[in-house]
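Asks: Structure for this input, please:
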Amino acid sequence: MALCRRRTWCQECAAHNATIRSLTVLRFDVCTRRHKRQLCGSSRCIWVAANAPIRSLGSFGKREEKMKLRSEKSLRATPTRAPVGRNDSRSKRARSVWWVLIALSLGFVWAGIAVADSHGEIEINRVNPGPVGEKVDVFLTVTDGEDRPISGLTESFTVQVGAGTPSPPTQASPPSEQLSIVFVMDFTTTIRKSGALDALQDATEAFVTQMQPGDYAAIVKFNIDLDGEPTGAKVVSPFQQLVTPSDQDGNSPLREEIYRDYPGAGTNLNAALARALDHIAESEEVLPPGRKAIIVLADGEDNWFEHTGTQPRAGETGIEVRDRANILNVPIFTVGVGIIRTEESWERRMKELASQTGGEYFDAVDEPEKAITDAFATTSNLLTNEYQITFDGVDNCERQDFTVFVKDLGLTADGWFTHRGCTSDGGSGGGGSGDGSDDSDGDRSSGGGGSVGLLELIAGLSLLAIRRRFRKV
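Replies: Numbering: from 1, shown residues only. The predicted structure is shown next:
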């Protein structure tokens, strides 16, 4: 018969010289607290006389002491067999109940997390507000729990502006699988001197190669001509539909133009962007329905750049270019290729140009191949999986919050906007992602997973209870 594993309790019990006041079975590990009908670590019972003092619990663990107790003839009464089996069954049932509760709690937690993840997420990519009282365009993506785009939701959107009532948008356009992209290539003196021209041309070809059949691509090259006139931006390859990217011959005119030289000096990025926007507007009837974008590949330096228009020879200003891009809903993605000036202003300008038009900046200076691959994957996924929803604006210049609901999935996402012309940045807006569920009254709720948190609490309490129970047993 094994000794109790909780020896400190046994010794403590012996130290108090505990007395058994009724004929029963003693469990040594908790004898000072309550009597048990089974010896610790054994299924056999030891019987002791009523009021018999316990001198040393340690001796009970010795085989000879046990035999002595069992053979003692001086017992004053014949013991009645204690209902050990009934208590054992109760204990087993109690433990079983606790384990079932724990299993159910953990199961509910897992199921709750799975359900929450399956709902997915809304990501507001950009907000383009018009002037006061006019429409607001919101571009967003909806993905499932595995980050896969969800299509077929154009009839599921509702929008709530401020404290107003949620209502369907005035227009909702589905994602488009076809892209129309103008590549703006930097053929300036700084690119040539830095040795980055080859990397820039290779990066442009890599972009074109990854485009899908049916997409459209055009090329604008820029610098300043040798006479110093701001006419150095030119559409060297108008929009043309791409064939299978692996078919080198089918896209040869476009590829040839990528590597064709474009002599000139100086830099006028604004003129190049204005020319690219003009070409998109002029080709509207030719291009298929779908997202349009400009991708700028440059080193960031612009010695003809004037943000406010104080330099007349710079042509269009940065503000004018930004506003035109937003009016046409054309995001500008910028890729930094080559050596960007250490003053940081040029790189900052590339980032601002992207962020203010709903695009993104990619640094391809250190690892150009990886950066180009990531840039195209991000650009392509963003443009081909976007929904465009349009709703009525407000008649004031105050910042307005809004919430987009996807009723079929129970998803929400919050954003904000200020109408164009109300601020120095020409009107702005933004938003984030959300996976919260909306209620029947249309009140906003963000985040999600509240029920999962409750289930986690239940599981934690169950684990705590079972731990305490085993400590007592």
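Asks: Give me the domain ranges for this protein.
Replies: Domain assignment for the chain, taken from automatic domain parsing, gives 1-82, 88-117+452-472, 121-175+390-434, 179-384.
Asks: Show me where the protein dips below the pLDDT cut-off.
Replies: 1-119, 224-231, 244-251, 265-266, 300-316, 338-345, 368, 424-473 (pLDDT under 70).
Asks: do that again at 50, thanks
Replies: 1-61, 73-82, 84, 111-117, 226, 230, 247-248, 306-314, 437-456, 473 (pLDDT under 50).
Asks: Going by residue numbers, what spans are helices in it?
Replies: Using DSSP state H, the helices of the chain run over 7-15, 57-60, 63-71, 84-119, 189-194, 197-210, 252-259, 269-282, 318-327, 345-355, 368-384, 450-472.
Asks: What's the local residue count around residue 252?
Replies: By the measure other Cβ atoms under 10 Å, the count of residues near residue 252 is 10. Backbone N, C-alpha and C define where each C-beta goes, glycine included.
Asks: how near is residue 392 to residue 170?
Replies: Going from residue 392 to residue 170 by Cβ to Cβ, to the nearest Å gives 6 Å.
Asks: More neighbours: which of these two?
Replies: A count of neighbours by other Cβ under 10 Å puts residue 392 above the other of residue 392 and residue 170, at 15 against 12.
Asks: Could you give the bridge partners of the more buried one?
Replies: residue 135 (DSSP bridges).
Asks: dump the residue contacts of it.
Replies: 135, 136, 161, 170 (Cβ atoms under 8 Å, 6 or more residues apart in numbering).
Asks: Please apply the same query to residue 390.
Replies: 135, 136, 137, 138, 169, 170, 171, 172.
Asks: Repeat the analysis, applying 6 Å as the threshold.
Replies: 135, 137, 169, 170, 171 (Cβ atoms under 6 Å, 6 or more residues apart in numbering).
Asks: do the same with residue 198
Replies: Going by Cβ under 6 Å, 6+ apart, the list of residues near residue 198 is empty.
Asks: Distance-wise, check it relative to residue 337.
Replies: 10 Å.
Asks: And residue 124, by the same measure?
Replies: On the measure of Cβ to Cβ, residue 124 and residue 337 end up 29 Å apart.
Asks: Those two - which one has more neighbours?
Replies: Ranked by neighbour count (other Cβ under 10 Å), residue 124 and residue 337 place residue 337 first, with 31 against 21.
Asks: Verify the stated contact: the more buried one with residue 364.
Replies: Yes. If you go by Cβ atoms under 6 Å, residue 337 and residue 364 touch, sitting 5.0 Å apart.
Asks: Restricting to C-alpha, output stretch 371-389 in PDB.
Replies: Below are the C-alpha coordinates for stretch 371-389, written out as PDB (Å, rounded to 0.1, in the frame of the first residue of the first chain):
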ATOM      1  CA  ALA A 371      10.200  45.100 -54.600                       C
ATOM      2  CA  ILE A 372       8.900  45.100 -58.200                       C
ATOM      3  CA  THR A 373       7.200  41.700 -57.700                       C
ATOM      4  CA  ASP A 374       5.600  42.800 -54.500                       C
ATOM      5  CA  ALA A 375       4.600  46.100 -56.000                       C
ATOM      6  CA  PHE A 376       2.800  44.500 -58.900                       C
ATOM      7  CA  ALA A 377       1.100  41.900 -56.800                       C
ATOM      8  CA  THR A 378      -0.100  44.600 -54.400                       C
ATOM      9  CA  THR A 379      -1.200  46.900 -57.300                       C
ATOM     10  CA  SER A 380      -2.900  44.100 -59.200                       C
ATOM     11  CA  ASN A 381      -4.800  42.700 -56.200                       C
ATOM     12  CA  LEU A 382      -5.900  46.100 -55.100                       C
ATOM     13  CA  LEU A 383      -7.200  47.200 -58.500                       C
ATOM     14  CA  THR A 384      -8.800  44.000 -59.600                       C
ATOM     15  CA  ASN A 385     -10.600  43.200 -56.400                       C
ATOM     16  CA  GLU A 386     -12.000  46.700 -55.500                       C
ATOM     17  CA  TYR A 387     -15.600  47.600 -55.300                       C
ATOM     18  CA  GLN A 388     -16.500  51.200 -56.000                       C
ATOM     19  CA  ILE A 389     -19.500  52.600 -54.100                       C
END
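Asks: contacts for that stretch?
Replies: 138-141, 149, 157, 169, 172-173, 175, 177, 179, 203, 206-207, 210, 291, 293, 333, 335, 362, 364.
Asks: Strands - which of the residues you listed land there?
Replies: 138-141, 157, 172-173, 179, 291, 293, 333, 335, 362 (DSSP state E).
Asks: and the two most separated of those residues?
Replies: 157 and 335 (32.3 Å; Cβ to Cβ).
Asks: Tell me which of the two has more neighbours.
Replies: residue 335 (29 against 22).
Asks: ok, now which ones touch that one?
Replies: 297, 362, 364, 375.
Asks: What number of residues are in the vicinity of the residue nearest to the second one when sequence neighbours are not counted?
Replies: Looking back up the chat, that one is residue 362. Computed as Cβ to Cβ, 6 or more residues apart in numbering, the closest residue to residue 362 that is not its neighbour in sequence is residue 375, at 4.0 Å. Applying other Cβ under 10 Å, we find 24 residues neighbouring residue 375.
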